Every structure is written in C-alpha cells, then in structure tokens.
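In: the following comprises the amino acid sequence and a computationally predicted model.
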Amino acid sequence: MNTVLSRANSLFAFSLSVMAALTFGCFITTAFKERTVPVDIHVTRVMLKNVEDFTGPRERSDLGFITFDVNANLQPIFDWNVKQLFLYLSAEYSTKSNALNQVVLWDKIILRGDNPRLSLKEMKSKYFFFDDGNGLKGNPNITLTLSWNVVPNAGILPLVTGSGHISVPFPETYEMTKSY
C-alpha cells in the first residue's frame with residue numbers, strides 16, 4: 001500500500017507546495033513597493049533630416065537625431081526580488097495624422113550587481129527616430145521619457161515611468177549635412 005513510488009509522489013507534491021508558498025511569499029513582500037525614482041534628462045542637440053522613405057513610391061519622411069544626457073539613481077528599485085531592469089528612453093508626440101506617436105530611441109539592461117547609477121553624457125539615439133510623414137518638422141512638443149520594466153525573480157513585470165521628462169521643440173528647417 002505504501003510503496004516507494006507513492007511515498008516519493010507524496011514527498012514531491014509536498015515539496016512543490018512548499019516551493020509555491022515560498023515563491024508567493026517572495027512576490028507578496030515586494031508587490032506593492034514604489035518603483036519610481038527621479039530622472040534628469042537634458043537634450044544637448046536636435047537635428048532633423050528629410051530622407052527617402054523606401055516603403056512608398058517617391059515619398060520622403062522626417063528622420064530626427066537627438067543627443068541627450070540622462071542621470072538617475074536606480075538603487076532604490078533593486079531589492080532581493082529584482083533580477084534586472086530593462087530601461088528605455090521613448091519620445092512621444094502628436095501629429096495631424098496621429099494623436100499619439102511613441103518611438104523608442106535608446107535602451108539598456110541593468111543586471112543585479114551592475115552599477116545602478118545612470119550617468120550618461122552625450123548619448124545618441126540607438127534606434128532611428130523616423131516619422132511616417134513630416135510630423136517632426138516644427139513640432140513644438142516632443143516629450144522624452146525614461147521608463148523601465150522591472151524583471152523580478154517571482155511576480156508580475158511592472159512597467160514604471162520615471163518621475164521626470166523633458167519636452168523638446170524640433171527645428172523648422174532640415175539639415176543638409178551628410179554626417180551626424
């Protein structure tokens with residue numbers, strides 16, 4: 001009646017129950033923690049070009065270039081349940097054709113044990129800042145925001161926006177130079 005297999009099954013089921021309870025305890029102790037920290041973003045250079053858009057016949061689109069500085073201390077976010085942070089800088093703006101445009105310009109992964117103090121100077125966009133038309137030219141309100149996903153050991157993946165953003169006007173004219 002109490003064979004080796006039934007005893008092993010009982011031990012395995014009990015072990016899984018204990019592990020599930022410990023994992024839930026790990027999650028609940030950090031589930032309601034505030035993950036927002038102050039972020040300081042400065043834009044040092046904005047440039048705009050009008051380039052060929054190869055998605056349509058003889059169309060041209062705006063291509064923006066931004067050089068920026070970012071300062072943030074992400075140490076308060078890290079606790080024993082945080083495995084890594086996925087940071088990304090996004091630009092939000094509106095045009096005549098779209099009420100909300102969002103473009104990711106830069107990203108970085110910070111692992112637990114890495115330096116959590118972010119001090120970046122003269123950073124350029126990692127990804128192209130294309131608009132699907134001419135919505136960047138003369139746009140007075142391009143808002144840059146640093147956000148992050150907290151990757152925990154156990155629990156949900158919260159998406160957090162830093163408390164600090166900057167609005168940048170784009171130029172009224174296009175640059176004609178070949179380099180950035």
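Out: Done, it's in.
In: quick one, strands of the chain?
Out: 39-53, 59-73, 82-93, 101-111, 117-124, 129-130, 142-152, 159-168 (DSSP state E).
In: want to throw these into a markdown table with distance to residue 12 and mean neighbour count?
Out: From N, CA and C alone the C-beta is placed, and that goes for glycine too. Output for those, formatted as a markdown table (distance: least, Cβ to Cβ, whole Å; neighbours: other Cβ atoms under 10 Å):
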| stretch | distance to residue 12 | mean neighbour count |
| --- | --- | --- |
| strand 39-53 | 47 | 16 |
| strand 59-73 | 45 | 18 |
| strand 82-93 | 27 | 19 |
| strand 101-111 | 33 | 16 |
| strand 117-124 | 44 | 13 |
| strand 129-130 | 53 | 18 |
| strand 142-152 | 26 | 20 |
| strand 159-168 | 36 | 15 |
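In: let me have those in a markdown table, extended by mean pLDDT and distance to residue 27.
Out: Below are the strands of the chain laid out as a markdown table (pLDDT from 0 to 100; distance: least, Cβ to Cβ, whole Å):
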| stretch | mean pLDDT | distance to residue 27 |
| --- | --- | --- |
| strand 39-53 | 90 | 26 |
| strand 59-73 | 91 | 25 |
| strand 82-93 | 94 | 12 |
| strand 101-111 | 94 | 20 |
| strand 117-124 | 93 | 26 |
| strand 129-130 | 89 | 37 |
| strand 142-152 | 94 | 7 |
| strand 159-168 | 88 | 17 |
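In: what's the closest of those strands to residue 136?
Out: Nearest of the strands of the chain to residue 136, taken as Cβ to Cβ: strand 59-73 at 3.8 Å.
In: between the closest one and strand 82-93, how many degrees?
Out: Interaxial angle of strand 59-73 relative to strand 82-93 (axes from the mean of the first three to the mean of the last three Cα atoms, to 10 degrees): 140 degrees.
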